[in-house]
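**Q** The following comprises the amino acid sequence and a computationally predicted model.
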Amino acid sequence: MNLLTAILLLVSPILISGMLALRFSLKADNLRLLLALSAGYLFSVSIIHLLPEAFIQQEDSVHLNVKLTGLFIVLGFCLQLIIDTFSTGIEHGHVHLHSKECNDHLPIGIIVGLFLHSFLEGLPVCDLNDTANGSNGVNHRIVYGLIVHNIPISIAFALLLKEHKSSNAKAFLFLILFAFMTPLGFAFSYIMQSVGLNGYILYSKAAFALVIGIFLHISTAILFESSDHHKYNIAKVLMMAAGIILAYIIS
């Protein structure tokens, strides 16, 4: 996968799904099904592929030691908890109703938290130290994971913008900004690695571990929230299973 393809794959699903959500109404149950699919995929791809990749020490490759890798995964999990305090959980599909006083302006904390979350996820997409199998330094498994992950998020974000009665122009502008936050993190990592910043490869490995922690937090939050009094309906179970199968096939 080349750099341009990766950027297009990261941007296009957000813009398409976000604009469709602005144009058409979507039932909450359908959004929950999309979230269940993304949760099954993210959790499975983290366990099947990303965790082994983070811990396996390969020859001629720069890695954190095992203990530090585990620590950064835990820090990523905790970091998402902190981001949730600003974003109110929109990363896992929450579209919270706000008070009447909030209807006249967008909740900046939610937007900043969401954008920060998206930027961080873009950092480990680029790994110029890994060019095996024609990857061109792009971790395509993370790219695919972000595609599945960002579709329901962009829908939730579009619904939030509609809730606050944003104009079409303003809503589209915010969707564009959101769509390019992950590529911005990707580009930042690419530039830092390209100029050979001392020790940046280790920083990128730390970012990779952080994002695994973020993925684990989001996926488990969705999986737990998908139950009603600890009972799962068959549609959600099937969507989770589809996400698991998809992760297995891609990984």
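**A** Sure thing, it's come through.
**Q** Would you state the helices of the chain in chain order?
**A** In the chain, the helices defined using DSSP state H lie at 3-23, 28-45, 51-55, 66-87, 108-122, 140-163, 168-179, 181-194, 200-225, 234-250.
**Q** Can you redo these as CSV, where the extra columns are mean neighbour count?
**A** For the C-beta atoms, the positions are set from N, CA and C on the backbone; glycine is no exception. Formatted as CSV, the entries for these read as follows, by neighbours: other Cβ atoms under 10 Å:
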stretch, mean neighbour count
helix 3-23, 18
helix 28-45, 22
helix 51-55, 16
helix 66-87, 17
helix 108-122, 20
helix 140-163, 23
helix 168-179, 16
helix 181-194, 20
helix 200-225, 22
helix 234-250, 16
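**Q** Same list, these, but as JSON lines with mean pLDDT please.
**A** Formatted as JSON lines, these follow (pLDDT from 0 to 100):
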{"stretch": "helix 3-23", "mean pLDDT": "90"}
{"stretch": "helix 28-45", "mean pLDDT": "84"}
{"stretch": "helix 51-55", "mean pLDDT": "84"}
{"stretch": "helix 66-87", "mean pLDDT": "87"}
{"stretch": "helix 108-122", "mean pLDDT": "86"}
{"stretch": "helix 140-163", "mean pLDDT": "85"}
{"stretch": "helix 168-179", "mean pLDDT": "89"}
{"stretch": "helix 181-194", "mean pLDDT": "86"}
{"stretch": "helix 200-225", "mean pLDDT": "82"}
{"stretch": "helix 234-250", "mean pLDDT": "86"}
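**Q** Isn't Ala21 up against Ile151?
**A** No: in this structure Ala21 lies outside contact range of Ile151 using Cβ atoms under 8 Å: 9.8 Å.
**Q** Contacts only, for Leu175.
**A** Leu175 makes contact with Ile14, Leu15, Gly18, Met19, Leu22, Ser154, Phe157, Ala158, Leu161, according to Cβ atoms under 8 Å, 6 or more residues apart in numbering.
**Q** 10 Å instead?
**A** Under the criterion of Cβ atoms under 10 Å, 6 or more residues apart in numbering, the contact list for Leu175 reads Ile14, Leu15, Ile16, Ser17, Gly18, Met19, Ala21, Leu22, Ser154, Phe157, Ala158, Leu161.
**Q** now do Leu33
**A** Neighbours of Leu33 in contact, by Cβ under 10 Å, 6+ apart: Lys27, Pro152, Ser226, Asn233, Ala235, Lys236, Leu238, Met239, Met240, Ala242.
**Q** Now with 7 Å, please.
**A** Counting by Cβ atoms under 7 Å, 6 or more residues apart in numbering, Leu33 touches Ala235, Lys236, Met239.
**Q** From Phe208, how far off is the nearest residue to Tyr41 once chain neighbours are set aside?
**A** Ranked by Cβ to Cβ, 6 or more residues apart in numbering and with sequence neighbours excluded, the top spatial neighbour of Tyr41 is Gly243, at 3.7 Å. Distance check for Gly243 against Phe208: by Cβ to Cβ, to the nearest Å, it reads 21 Å.
**Q** Could you do Ile234 as well?
**A** Using Cβ to Cβ, we find Ile234 at a distance of 36 Å from Phe208.
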